[in-house]
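# What follows is a predicted structure for the sequence shown.
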Amino acid sequence: MPLMILRAQANVHVAAIMRRSILWLVTAAALSVSACSSDPAPVPPAELTSFNSEVRLLRIWSAKVGDAGRGVFEPLVVGDRVIAANARGVVTAFAKDSGVRGWKRELGTRLVSGVGGASGQIFVSDVEAIVHAIDPANGEEQWQAQASSEVLVPVVSGFGVAAVRSADGRVAILDPEDGTERWSESNTPPALTLNGYSRPLLLDGGVLLGLDDGRMLALNMANGDTIWETVLSVPTGRSEVERLVDIDAEFAIDDEGIYVANYQGKAARLEPARGQIVWSTPVSAGSGIALDDSGLIVVDEDDNVIKLDKESGEQLWLNDTMLRRSLSPPAFTPEGDIVLGDVEGYLHVLDTNTGAEIGRSRPSSSAIKSRPVLVEDTVYIQASDGIVAAFRVTR
């Protein structure tokens with residue numbers, strides 16, 4: 001059956017992506033350290049450069065919710081509330097326009113990923129792989145469900161289901177009424193993967209998955225049957241590192257196609273009914289991608305920001321002024337310019353036509369890892385130190 005992409009949820013585009021550290025490599029390096037050897041000093045982030053400011057980032061409000069955990073922690077806007085969580089298991093709601101604190105729920109457990117969901121129900125996941133469903137109106141816990149392993153990305157919901165993706169490669173579709181499992185799909189990840197994975201994307205009748213082995217799957221929403229499978233990249237090379245092709249960047253969709261990018265692979269547009277690749281461009285995707293009418297924005301593994309023509313995949317521009325700054329997944333301002341965070345807590349705005357930096361602010365001294373969230377005329381961010389802030393971006 002063909003996938004219908006016209007009614008896909010906009011909030012599922014959010015982003016959110018994990019940083020590209022490789023835990024296996026870190027462990028191996030630690031074990032190999034000896035008195036007679038030393039590793040080269042890490043290369044610091046690129047120095048920030050001066051620019052001609054063309055936009056103003058006006059901070060409307062900010063609040064502190066507490067440090068984030070290992071997974072993706074980002075604010076979720078639900079109605080007139082902004083809801084955020086911290087690693088200690090505290091979930092807090094704020095007034096969207098003023099930042100006035102509303103309800104606060106202490107779950108009594110540490111969280112591994114932050115708030116996901118939609119207007120009727122939100123979710124967080126703890127270090128014991130338990131998913132907690134919460135009423136966004138008052139913070140009351142509704143039910144708990146056991147996942148197969150850690151859930152490092154926020155739960156996605158819509159079309160009458162909640163989708164939970166675990167670190168062991170399993171995706172479970174839950175009934176939002178009580179958390180019972182309707183079906184699940186398991187795909188064992190390769191022996192070596194990046195530390196992170198993309199969220200499922202829920203469509204009308206289907207679920208899109210990007211796997212650590214470079215494959216894209218479209219599954220039937222009702223029963224999990226495979227609608228189509230597409231190989232974005234085939235692992236090549238002698239070493240396990242050379243064979244990494246993880247699809248960790250969130251997907252993007254419009255009326256014409258599905259857009260995806262992977263590590264040491266390519267950015268591509270897929271035809272939605274059968275998953276055929278319409279075009280592809282070599283790129284090693286880093287934190288994520290974002291799509292608007294003018295093109296596809298890709299942040300690569302070196303923190304180059306690249307804009308591609310969405311009709312052909314041709315590169316339109318490249319910004320290389322923020323190398324090694326561990327950029328967040330990109331988002332857009334109300335005017336259509338690009339906004340992203342970095343490792344030092346800066347928020348950057350790039351001109352969508354040229355890629356030049358035109359605005360900058362520093363809401364935190366800690367990393368902004370998660371994608372900025374645009375709702376109406378306001379951009380919301382959550383930093384690693386728990387700063388949640390709302391900005392108006394005006395030219």
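Yep, it's here. Numbers count the residues shown, from 1 in each chain.
# neighbours around the nearest residue to G237 once chain neighbours are set aside, how many?
Using C-beta to C-beta, 6 or more residues apart in numbering and skipping the chain neighbours, the partner closest in space to G237 is R243 (5.1 Å). The way it works is simple: take the backbone N, C-alpha and C, and place the C-beta from them, glycine included. Other residues near R243 number 18, with proximity taken as other C-beta atoms under 10 Å.
# Look up how far D126 lies from D385.
Relative to D126, D385 is positioned 21 Å away (C-beta to C-beta, to the nearest Å).
# For the two, indicate the residue with more neighbours.
When D385 and D126 are compared for neighbours, D126 comes out ahead with 22 against 17, by other C-beta under 10 Å.
# what's near enough to touch that one?
Under the criterion of C-beta atoms under 8 Å, 6 or more residues apart in numbering, the contact list for D126 reads G89, L107, T109, R110, L111, V112, H132.
# For it, name its beta-bridge partners.
Here D126 sits in beta bridges with L111, as judged by DSSP bridges.
# same check, this time on the one 4 residues further on
Beta-bridge pairing of I130 under DSSP bridges involves Q146.
# wait, S287 sits on A249?
Yes. With contacts defined as C-beta atoms under 8 Å, S287 counts as touching A249 at a distance of 7.1 Å.
# Could you give me the buried positions within stretch 165-179?
Residues of stretch 165-179 classed as buried: R165, S166, A167, G169, R170, V171, A172, I173, L174, P176, G179 (neighbour count, 16 or more other C-beta atoms under 10 Å).
# Likewise for stretch 156-167?
Within stretch 156-167, the residues that count as buried by 16+ other C-beta under 10 Å are V156, S157, G158, F159, V161, A162, A163, V164, R165, S166, A167.
# May I see these arranged in CSV, with distance to P329 as well?
Conversion of the buried residues of stretch 156-167 to CSV gives the following (distance: C-beta to C-beta, whole Å):
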residue, distance to P329
V156, 15
S157, 20
G158, 20
F159, 23
V161, 24
A162, 22
A163, 19
V164, 20
R165, 16
S166, 21
A167, 19
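# possible to save the residues you listed as JSON lines with secondary structure and pLDDT?
Written out in JSON lines, the entries for the buried residues of stretch 156-167 read as follows (DSSP: H, G, I helix; E, B strand; the rest coil; pLDDT from 0 to 100):
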{"residue": "V156", "secondary structure": "strand", "pLDDT": "98"}
{"residue": "S157", "secondary structure": "strand", "pLDDT": "98"}
{"residue": "G158", "secondary structure": "strand", "pLDDT": "97"}
{"residue": "F159", "secondary structure": "coil", "pLDDT": "97"}
{"residue": "V161", "secondary structure": "strand", "pLDDT": "98"}
{"residue": "A162", "secondary structure": "strand", "pLDDT": "98"}
{"residue": "A163", "secondary structure": "strand", "pLDDT": "98"}
{"residue": "V164", "secondary structure": "strand", "pLDDT": "98"}
{"residue": "R165", "secondary structure": "strand", "pLDDT": "97"}
{"residue": "S166", "secondary structure": "coil", "pLDDT": "96"}
{"residue": "A167", "secondary structure": "coil", "pLDDT": "94"}
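# Between the residues you listed, which sits nearest G99?
Distance ranking of those against G99, using C-beta to C-beta, places S157 first at 25.2 Å.
# quick one: low-confidence parts of the stretch 1-150 of the chain?
For the stretch 1-150 of the chain, applying pLDDT under 70 flags the ranges 1-39.
# Which one (most neighbours) among the contacts of D126?
Comparing the contacts of D126 on neighbour count, L111 comes out first with 26 neighbours (neighbours: other C-beta under 10 Å).
# How about the contacts made by that one?
Contacts were defined as C-beta under 8 Å, 6+ apart; by that measure L111 touches G69, A85, N86, A87, R88, G89, V124, S125, D126, V127.
# Look at K307 and say how many residues are nearby.
Using other C-beta under 10 Å as the criterion, K307 is surrounded by 25 other residues.
# Revised request: answer the last question for F51.
16.
# can you confirm it is in a strand?
No. With the criterion set as DSSP: H, G, I helix; E, B strand; the rest coil, the secondary structure at F51 is coil rather than a strand.
# excluding its backbone neighbours, what's nearest it?
In space, not counting the residues next to it along the chain, F51 is nearest to E357; the distance is 4.6 Å by C-beta to C-beta, 6+ apart.
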